[in-house]
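Peer 1: predicted structure and sequence below. I'll ask about it afterward.
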Amino acid sequence: MSSKDLKFNEITKQNWNEPDETTLSIFDSLSIDGKVGLSQEEIIDMILEPQLEEEVPLDVRELFEVARAVFIYGYYFYPFYTLGAEQMTRVLESAVYKKCEEIEAPPGVMDNFRMQRGVDYLASEGIINDKEITWDASRCLRNLSSHLESQNLLSPFPAIGDIKKTAEMINSLY
């Protein structure tokens, strides 16, 4: 495959620290509060706004910060928005595991841990209330992103929205 066949900019020594053309075209055309075009700083502010609570285990907060940083570098390499969104699903799975571990879920849940069993258990304990809508959808997205056949490319806004939703879901566990 030639680099001109790619659906995104190939990283080179000449462009590695230049904004990605696809990212610029998307953010240049948007408006917030009547102002057309979003600056790099405004994009970063949107990405950094969602926060995890201090009660969330440090391991999960670290995973969240690394995944969120990938989004920031989407400004330079468009596929990183997708990679960040995919990683957020794994962060969520880690939070489910940690919560199950913290409340001493039975061996049937913890042995050979699967997100579905963890979500089901936390729902049965009343910790998760909207299992069918958000948690199962996140689990399905995690499965899809972990077993790729080709490179997915998500639009930055839904991907960035995943940061906020993931933070809300993780915070709801603690």
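Peer 2: Cool, the structure landed.

Peer 1: in which helix or strand would I find the closest residue to Ser155 other than its chain neighbours?
Peer 2: Of all residues not flanking Ser155 in the chain, Ile26 sits nearest, at 7.1 Å (Cβ to Cβ, 6 or more residues apart in numbering). From N, CA and C alone the C-beta is placed, and that goes for glycine too. Applying DSSP states H and E as the criterion places Ile26 in helix 21-28.

Peer 1: what's the answer for Glu168, then?
Peer 2: helix 156-173.

Peer 1: in that helix, what's buried?
Peer 2: For helix 156-173, the neighbour count (16 or more other Cβ atoms under 10 Å) marks Pro156, Ala159, Ile160, Asp162, Ile163, Lys165, Thr166, Ala167, Met169, Ile170, Ser172, Leu173 as buried.

Peer 1: how far out from the middle of the chain is the helix or strand where Gln87 lies?
Peer 2: Applying DSSP H and E as the criterion places Gln87 in helix 80-102. From the chain centre to the centre of helix 80-102 is a distance of 8 Å (Cα atoms, centre = their mean, to the nearest Å).

Peer 1: for the helix or strand following that helix, buried residues please.
Peer 2: Downstream of helix 80-102, the next assigned helix or strand under DSSP H and E is helix 107-110. For helix 107-110, the neighbour count (16+ other Cβ under 10 Å) marks Val109 as buried.

Peer 1: name the residues of the helix holding Ile26 that are buried.
Peer 2: Thr22, Thr23, Leu24, Ile26, Phe27.

Peer 1: show me the shaky parts of the chain.
Peer 2: Along the chain, the model assigns pLDDT under 70 to residues 1-5, 30-36, 131-132, 147-148, 150.

Peer 1: one more pass at 50, please.
Peer 2: Residues of the chain meeting the criterion pLDDT under 50: 1.

Peer 1: wait, what's in contact with Asn15?
Peer 2: By Cβ atoms under 8 Å, 6 or more residues apart in numbering, the contact set of Asn15 is Asn9.

Peer 1: may I have the secondary structure class of it?
Peer 2: coil (DSSP: H, G, I helix; E, B strand; the rest coil).

Peer 1: what about it, distance to Glu21?
Peer 2: 9 Å (Cβ to Cβ, to the nearest Å).

Peer 1: shared neighbours of those two, which are they?
Peer 2: What both Asn15 and Glu21 touch, as defined by Cβ under 8 Å, 6+ apart, is the set Asn9.
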